[in-house]
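# just the structure for this:
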Amino acid sequence: MVNVNGGYVLSTVALVGASDFNAAHFAAHWKEGAFDAVIAVDGGFASLAAVDCAPDLAMGDFDSLGYVPEGMSVKAFSPEKDASDMELALEEALARGADAVEVYGALGGRLDHTVANLQLLASFAERGLAVAAVGERERIAFLVGPGELRLPALPSGIVSVFSLTDVSTGVVEEGLKYGLDGVALTNRTSWGLSNELVGTPARIALESGTLAVFLPL
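Here you go, the predicted model:
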């Protein structure tokens, strides 16, 4: 769970998919009690077993895992369906009342799965869910306008910002090596790639649209 301004506590669900799994990052946060629930998404069940984490739920068509887990709560689906296992898991998190979702095992592996997951996470962010994807070296946050993301003072690291909508307006980047002041970013440009943290607090904001913000772990 996440404390907000010393008051309201967000309900945080971790989803673990079948792609590349940052086991060390997950295990550290899980052992600290950062997650109110953990959901294994198909092959993510094996990733969780490797760190001795028994999920609260395993769900999917289990084509990646190769078998349906037993002795626990399971939601099994046919492989012939219109929604991916990750999309079904995000819907499950919403149904459980999650305010925030940290998604592991959504990046790497098959490129089409990665693209699908990025689109899904943007969509759920636009529905009001605080979502982020955790990879081996980066965390991708999704920022919907009007909104802002504040970063603490970090000595170094790369920050990239891309529009996931046709256009994102009023984009601001402050406290980074290269500043942006109310610009429009489209999803047809590399502008936004490879800005740098410089040891000062940073702020990323936009007026409208949806941004994917790549942050160092």
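
# and the helix or strand that contains H25, average pLDDT?
For H25, the enclosing helix or strand under DSSP states H and E is helix 23-31. For helix 23-31, mean pLDDT is 98.

# ok, the residue of the chain lying at maximal distance from its centre to F62 distance?
The outermost residue of the chain relative to its centre, with distances by C-alpha atoms, centre = their mean, is G71 at 28.7 Å. Here G71 is placed at a distance of 15 Å from F62 (C-beta to C-beta, to the nearest Å). The way it works is simple: take the backbone N, C-alpha and C, and place the C-beta from them, glycine included.

# hey, where'd the helices end up in the chain?
23-31, 44-50, 85-95, 111-126 (DSSP state H).

# who are the packing partners of the first one?
Pointing back at helix 23-31 there. strand 12-16, strand 100-104 (3 or more C-beta pairs under 8 Å, 6 or more residues apart in numbering; DSSP states H and E).

# please produce TSV containing the ones you listed, extended by mean neighbour count and mean pLDDT.
Shown next, in TSV, are the helices and strands packed on helix 23-31 (neighbours: other C-beta atoms under 10 Å; pLDDT from 0 to 100):
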stretch	mean neighbour count	mean pLDDT
strand 12-16	26	98
strand 100-104	25	98
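
# relative to D166, which of the ones you listed is closest?
Among the helices and strands packed on helix 23-31, strand 100-104 comes nearest to D166, with 24.2 Å by C-beta to C-beta.

# name the nearest residue to L193, ignoring sequence neighbours.
S160 (5.0 Å; C-beta to C-beta, 6 or more residues apart in numbering).

# and that neighbour, what's its pLDDT?
The predicted local confidence for S160 is 99.

# return the residues in contact with it.
Listed by C-beta atoms under 8 Å, 6 or more residues apart in numbering, the contact set of S160 reads G192, L193, S194, N195, V213, F214.

# ok, and the closest non-adjacent residue to the last one?
Right, F214. Of all residues not flanking F214 in the chain, S160 sits nearest, at 4.2 Å (C-beta to C-beta, 6+ apart).
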